[in-house]
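**Student:** pasting the sequence and the predicted coordinates here, then a few questions.
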Amino acid sequence: MSEILGGVGSVVEGGLLSRALEPDSGAKEPHPNQPENCLNCGTKLEGAYCHACGQQGHIHRTIGAFGHDLLHGALHLEGKLWRTLPMLAFKPGALTRRYVEGERARFVSPMALFLFGVFLMFAVFQMVGFTAPTDLPGGEAVESNIADARANARAEIERLQERLATDDLSPAERAELENEMALLNQLVLGTGIADEEGVSDAAADGSAEGIDAGQEEDTGQVGVVAGGDISDQASIVRADFSDLAGSDTGVGWLDTVIHKWRDNPSLMLYKLQANAYKFSWLLIPISIPFVWLLFFWKRRFRGYDHAIFVTYSLSFMTLLFILASVLGQVGVPFGFLITAVLIIPPIHLYKQLRGAYQLRRFSAFWRLMMLSLFIWVIVFLFIQVLLLLGLF
């Protein structure tokens, strides 16, 4: 229930934020009961809005009107949203070009739509349970697991010793048990490197003294067996966990990130998801230079054109992910959703490139190929920014 309430809160927050960026379009007839002069600045009204300060001429003072404003402000449900969404889905190029060329009041601005889509996407993810896990083991948990593994190995060695102490073993069975105990010493207790027959001098006799020495000199070294049959091993590769835990790259901020991920991966994964939610707008300035590279020799298209293109495209992608998440919850096959998510974006980008920049098929196609490569670079750069933000 808390996740659902949190998701609803995120939707409302996103709607209010996008509403602040995207007010009413102004395409209204004067209200029959509005005053002659603006109640805010006193200017004589010539239409539904004051041409001096922009305030609406007719002011409601009822609780019903307040609820109406709340619904519109929170969910952004107004006429131009329903004009924008169909064009964004089926004619993205025409929507982008018409907005760039000046049809601003008819459509929801790309930034307002993007902000609302991002808030809605993470709200839906939260409600359907698509969130960062909170039970990933940290550094202490890993060390605890290693300690448990060592304790189990010691118990197994004691059991093997008891079997070796009996007289009813054949030479082959005794040799197999000695090899197994030697490998346990190698893998967990760190008592030396096995020879070519897989038996170390420290553990070949299976004595309790050798085991006790291994326990006292436990260095935290763990080996990896190179092969299949435990009695035919020729070599053992060992890694020292204590050395691995203390290793650094020499890059201060990167070492800090690595240490934080190792110590508390659940917290860092949560911060990564939260930062992706808060700083998703960074995808826009990161993407614009790459789109510019596709048209830098065409002076007709400027940075503003690319910004509108990128923002509307990102808005569509967020809405696509929302739709896929909802359909997944109502039982649509997972394979179908994955196929749709992989096929629809490039088709949408192709149509948006052709319409927004008025390109021929081949020109739009090769730019789509380049943009598909650029997207991986953009995502990589965005993740690096999120990792850097995880330092704070």
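**Tutor:** Here it is on my side, so go on.
**Student:** could you use CA atoms for every contact and neighbour count after this?
**Tutor:** OK.
**Student:** pull out the buried positions in stretch 382-391.
**Tutor:** 382, 385-387, 390 (16 or more other CA atoms under 10 Å).
**Student:** actually stretch 101-110, sorry about that
**Tutor:** Using 16+ other CA under 10 Å as the test for burial, stretch 101-110 gives 106-110.
**Student:** can you tell me which two in the residues you listed are farthest apart?
**Tutor:** Using CA to CA, the two most remote members of those are 106 and 110, lying 12.2 Å apart.
**Student:** strands along this structure, start to end?
**Tutor:** In the chain, the strands defined using DSSP state E lie at 221-225, 236-240.
**Student:** rewinding a little: and the furthest pair within the buried residues of stretch 382-391?
**Tutor:** 382 and 390 (12.5 Å).
**Student:** ok, so what distance separates residue 321 from residue 314?
**Tutor:** Residue 321 is 11 Å from residue 314, where distance means CA to CA, to the nearest Å.
**Student:** between those two, tell me which one has more neighbours.
**Tutor:** More crowded of residue 321 and residue 314, by other CA atoms under 10 Å: residue 314, with 22 against 18.
**Student:** for the more buried one, list the residues it contacts.
**Tutor:** residue 114 (CA atoms under 8 Å, 6 or more residues apart in numbering).
**Student:** pretty sure residue 128 sits against residue 328.
**Tutor:** No - if you go by CA atoms under 8 Å, residue 128 and residue 328 don't touch, sitting 9.4 Å apart.
**Student:** where's the dip in pLDDT among the buried residues of stretch 101-110?
**Tutor:** In terms of pLDDT, the lowest of the buried residues of stretch 101-110 is residue 106, showing 84.
**Student:** find the nearest non-adjacent residue to it, please.
**Tutor:** Residue nearest to residue 106 in three dimensions, not counting chain neighbours: residue 80, with 5.7 Å by CA to CA, 6 or more residues apart in numbering.
**Student:** and the one you found, how many neighbours does it have?
**Tutor:** Neighbours around residue 80, by other CA under 10 Å: 16.
**Student:** just the one 4 residues further on next, same as before
**Tutor:** For residue 84, the neighbour count with other CA under 10 Å is 19.
**Student:** measure it to residue 353 for me?
**Tutor:** In terms of CA to CA, residue 84 sits 18 Å off from residue 353.
**Student:** residue 326 now?
**Tutor:** In this view, residue 326 and residue 353 are 28 Å apart by CA to CA.
**Student:** what's next to stretch 316-323, contact-wise?
**Tutor:** Stretch 316-323 is contacted by residues 88-89, 114, 117-118, 120-121, 124-125, 341, 345 when judged by CA under 8 Å, 6+ apart.
**Student:** recalculate using a threshold of 10 Å.
**Tutor:** 85, 88-89, 92, 110, 113-125, 310-311, 314, 324-328, 337, 340-341, 344-345, 348-349 (CA atoms under 10 Å, 6 or more residues apart in numbering).
**Student:** list only those of those flagged as buried.
**Tutor:** Here, 16+ other CA under 10 Å leaves 85, 88-89, 92, 110, 113-125, 310-311, 314, 324-326, 337, 345, 348-349 buried among the contacts of stretch 316-323.
**Student:** tell me, what's touching residue 106 and residue 110 both at once?
**Tutor:** 84, 99.
**Student:** mind putting the buried residues of stretch 382-391 into JSON lines with distance to residue 281 and pLDDT?
**Tutor:** Listed next are those as JSON lines, based on distance: CA to CA, whole Å; pLDDT from 0 to 100:
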{"residue": "382", "distance to residue 281": "10", "pLDDT": "92"}
{"residue": "385", "distance to residue 281": "12", "pLDDT": "87"}
{"residue": "386", "distance to residue 281": "12", "pLDDT": "84"}
{"residue": "387", "distance to residue 281": "16", "pLDDT": "77"}
{"residue": "390", "distance to residue 281": "17", "pLDDT": "68"}
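**Student:** closest one of those to residue 372?
**Tutor:** Looking across those and measuring by CA to CA, the closest to residue 372 is residue 382, at 15.6 Å.
**Student:** that closest one and residue 272 touch, don't they?
**Tutor:** No - using CA atoms under 10 Å, residue 382 makes no contact with residue 272, being 11.0 Å away.
**Student:** between the two, which contacts overlap?
**Tutor:** Taking CA under 10 Å, 6+ apart as the contact rule, residue 382 and residue 272 both touch residue 388.
**Student:** got the contact list for the closest residue to residue 58 other than its chain neighbours?
**Tutor:** Leaving aside its chain neighbours, residue 58 sits nearest to residue 34 (4.4 Å; criterion: CA to CA, 6+ apart). Residue 34 sits next to 45, 47-49, 56-60 when contact means CA under 10 Å, 6+ apart.
**Student:** show me where the stretch 1-150 of the chain has helices.
**Tutor:** Counting by DSSP state H, counting those that start in this stretch, the segments of the stretch 1-150 of the chain that form helices are 2-21, 63-75, 79-90, 92-100, 110-128, 139-164.
**Student:** could you dump the contacts of residue 34 to a markdown table with distance to residue 166 and neighbour count?
**Tutor:** Compiled in a markdown table, these are given as follows (distance: CA to CA, whole Å; neighbours: other CA atoms under 10 Å):
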| residue | distance to residue 166 | neighbour count |
| --- | --- | --- |
| 45 | 107 | 19 |
| 47 | 105 | 17 |
| 48 | 101 | 19 |
| 49 | 100 | 21 |
| 56 | 98 | 22 |
| 57 | 101 | 23 |
| 58 | 100 | 17 |
| 59 | 98 | 14 |
| 60 | 96 | 12 |
